[in-house]
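**Q** Sequence first, then the predicted structure:
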Amino acid sequence: MAVTLRPPQGGARIPFIAGNWKMNLDHLQAIAFVQKLAWALADAKHDFADAEVAVFPPFTDLRSVQTLVTADSLPIGYGAQDVSAHDSGAYTGEISGAFLAQLDCAYAIIGHSERRTLHGETDADVNSKVLAAHRHGIVPVVCVGETADDLEAHGPSAVPVAQLRAALDGVDGSKGLVVAYEPVWAIGSGQAAIPEQAEQVCAALRALIGELLGDEAATATRILYGGSVTAANIASFLREPNVDGALVGGASLDIDEFSSIVRFKKHVGT
Ligand SMILES: O=C(CO)COP(=O)(O)O
């Protein structure tokens, strides 16, 4: 039996540590990695009530990850790095949310800055993809974040808030949502945001979710910080009340480093 991990429906937010592998690890490497990660967390007696864990492998790995997770009942979730806005048809190279749902993907990352900058994704595209994920019962992990130029011109919150407002147009808040605040200048740079700044933006994003989707969604939605997260700096982010976890890139490819990030406890409500 597969362990199906779904975000909590209201109540306390379980911290969420998500590993975005980007274009790394083929399906054989993915199987070895997920198995070793599960062993490392079991050895460390990780309590999954302290932090939910999910990996986001390339599309070609997802069937293999599903098979492993199902066969061994591993308490590790997984999702896709993108999803098509369309459900089927003449869209060469795209992957339907229907296919991801068939692979029991709980999540799909949508609007990562690498999709926005390298593939020209607009706010409207991101919104269409969020709606597509929801049509198939997949929880979108909506990425927002400002560039260094945006930061200088508008401060940290304005662009992420505008991006999230556009992403949530017409969205049903009861269908589940995770938001990742990833300042573009912090991604892969080794220069993480200052935790107080991450908190300021995450608080503004939560207020916007309340305005658009209601108080229940604002309370239930996990808002992650992403951008040069490591085992050494995760504590400083999780100390912030509106930061509910991390979207981890480079450090999610190292089992010791990633499991150390997962094992750092956020003290909810303290
Ligand atoms: O883009 C990211 C996760 O989606 C962050 O990447 P890094 O952790 O490598 O900075």
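**A** Sure, I can see it.
**Q** where does Thr122 fall, phi/psi-wise?
**A** The phi and psi torsions at Thr122 (degrees, to the nearest 10) take the values phi -100, psi 170.
**Q** could you list every residue that touches it?
**A** Thr122 sits next to Arg116 when contact means CB atoms under 8 Å, 6 or more residues apart in numbering. Every residue, glycine included, has its C-beta placed from N, CA and C.
**Q** where does it land on pLDDT?
**A** Per-residue pLDDT puts Thr122 at 98.
**Q** Would you confirm that Pro195 contacts Asn242?
**A** No: Pro195 lies out of contact with Asn242 (CB atoms under 8 Å); the separation is 10.8 Å.
**Q** nearest residue to the closest residue to the ligand within the stretch 1-150 of the chain other than its sequence neighbours?
**A** Taking CB to the nearest ligand atom, the ligand has its nearest neighbour within the stretch 1-150 of the chain at Asn20, 3.7 Å off. Distances taken as CB to CB, 6 or more residues apart in numbering place Phe56 nearest to Asn20, at 4.7 Å, with adjacent residues excluded.
**Q** Please apply the same query to Leu168.
**A** Using CB to CB, 6+ apart and skipping the chain neighbours, the partner closest in space to Leu168 is Leu212 (5.1 Å).
**Q** Which element, helix or strand, includes the one you found?
**A** Leu212 is part of helix 195-213, with elements assigned from DSSP states H and E.
**Q** immediately after that helix, which helix or strand?
**A** helix 215-220.
**Q** pLDDT of that next one, averaged?
**A** The predicted model assigns helix 215-220 a mean pLDDT of 97.
**Q** What is that helix packed up against?
**A** Here helix 215-220 touches helix 195-213, going by 3 or more CB pairs under 8 Å, 6 or more residues apart in numbering; DSSP states H and E.
**Q** mind listing what's buried in the helix it packs on?
**A** By 16 or more other CB atoms under 10 Å, the buried positions in helix 195-213 come out as 195, 197-206, 208-210, 212-213.
**Q** for stretch 123-136, same thing?
**A** Using 16+ other CB under 10 Å as the test for burial, stretch 123-136 gives Asp123, Asp125, Val126, Asn127, Ser128, Lys129, Val130, Leu131, Ala132, Ala133, His134, His136.
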